[in-house]
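Participant: What follows is a protein structure lacking sequence information:
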């Protein structure tokens, strides 16, 4: 497994160049992308595609070559293999058969984003891509809400405007960063609270690859005592959802928990 640059082609390591030049076969996520990288360094080696679409078919073939002593280099389009790609299944089966596996470290978008975000680095959790549908996305965020670590996501630029408000709703208004086009000419890192960044990308759709980072839960959680007082007043003349939305917006507390408390108060009144 060999890491490749995430943007700047000069971020390739000397070990990676040696491995790519000396191997028998390169298994690449997209052979067109890897071909361009190889041409920059005058490397010409056999290439085969290994990705989500053909992994089940190609994995036995690659394992057979490894059993016969072939030296295969596994690469992704950019960054470190096995991070959000099917490479781990190939590695897992190779290890199960006792075949030698080596990792050549290098560029990594999650770690590069973490270095630039200005968020705590002592603990971090890579969550990959969130689901496209809002309901599923919020469910995953709910599972991550109490993880006491900086959260790292991959996200498409087109979905930032939808994802950030969902994060503000479920995770609360934490410090965050949007890192775009890392190591490339137009690298950009925007830092702020989740709500501030949501307002930015509500009307702006950036281009390029995005790594989205959100800080851990605040040590002192939101004080819901005032929220409950206001909810009791609002519920006297407003529906539960409207009252929860109003109070959550006014006090900047998580909308989902505010709604749960409003629902509980309403049920207490009716019982």
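Facilitator: Yep, that arrived. What you see is a predicted model; the values in this text were computed from it and never measured.

Participant: Let's check: the centremost residue of the chain is which one?
Facilitator: Averaging the C-alpha coordinates of the chain gives a centre point, and the residue nearest to it by CA atoms, centre = their mean is residue 153 (1.8 Å).

Participant: hang on, isn't it packed against residue 128?
Facilitator: Yes: counting by CB atoms under 8 Å, residue 153 does reach residue 128; the two are 6.9 Å apart. C-beta: built from backbone N, CA, C; applies to glycine.

Participant: Quickly find the element holding the closest residue to the residue nearest to the centre of the chain other than its chain neighbours.
Facilitator: Excluding the flanking residues, the one nearest residue 153 by CB to CB, 6 or more residues apart in numbering is residue 212, at 4.4 Å. Per DSSP states H and E, residue 212 falls inside strand 209-214.

Participant: Tell me, please, where in the stretch 151-271 of the chain the pLDDT is lower than the cut-off.
Facilitator: 219-223, 271 (pLDDT under 70).

Participant: So which elements touch the strand holding residue 212?
Facilitator: Packing contacts for strand 209-214, counted by 3 or more CB pairs under 8 Å, 6 or more residues apart in numbering; DSSP states H and E, involve helix 109-117, strand 150-156, helix 160-171, strand 175-180.

Participant: now these in TSV, with distance to residue 59?
Facilitator: Formatted as TSV, the helices and strands packed on strand 209-214 follow (distance: least, CB to CB, whole Å):
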stretch	distance to residue 59
helix 109-117	25
strand 150-156	24
helix 160-171	32
strand 175-180	32
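
Participant: What is the burial count for residue 11?
Facilitator: 17 (other CB atoms under 10 Å).

Participant: Domain-wise, how is the chain divided?
Facilitator: Using automatic domain parsing, the domain parsing of the chain gives 9-96, 109-214, 224-270.

Participant: between these, which one is nearest to residue 3?
Facilitator: With CB to CB as the criterion, residue 3 lies closest to domain 9-96 of those, at 4.4 Å.

Participant: gap between the two ends of the closest one?
Facilitator: 34 Å (CA to CA, to the nearest Å).

Participant: just use 27 as the starting number from now, easier for me
Facilitator: New numbering, starting at 27: the last item is domain 35-122.

Participant: pLDDT (mean, whole number) over that domain?
Facilitator: What domain 35-122 shows for mean pLDDT is 95.

Participant: roughly how far is that domain from the heart of the chain?
Facilitator: 22 Å (CA atoms, centre = their mean, to the nearest Å).

Participant: Which parts of this protein are helices?
Facilitator: 40-48, 57-66, 81-93, 113-122, 135-143, 160-170, 186-197, 220-228, 250-260, 266-277, 281-296 (DSSP state H).

Participant: what comes into contact with the strand holding residue 238?
Facilitator: 32-33, 104, 135-136, 138-140, 143, 145, 176-183, 186, 189, 193, 197, 200-208, 220 (CB atoms under 8 Å, 6 or more residues apart in numbering).
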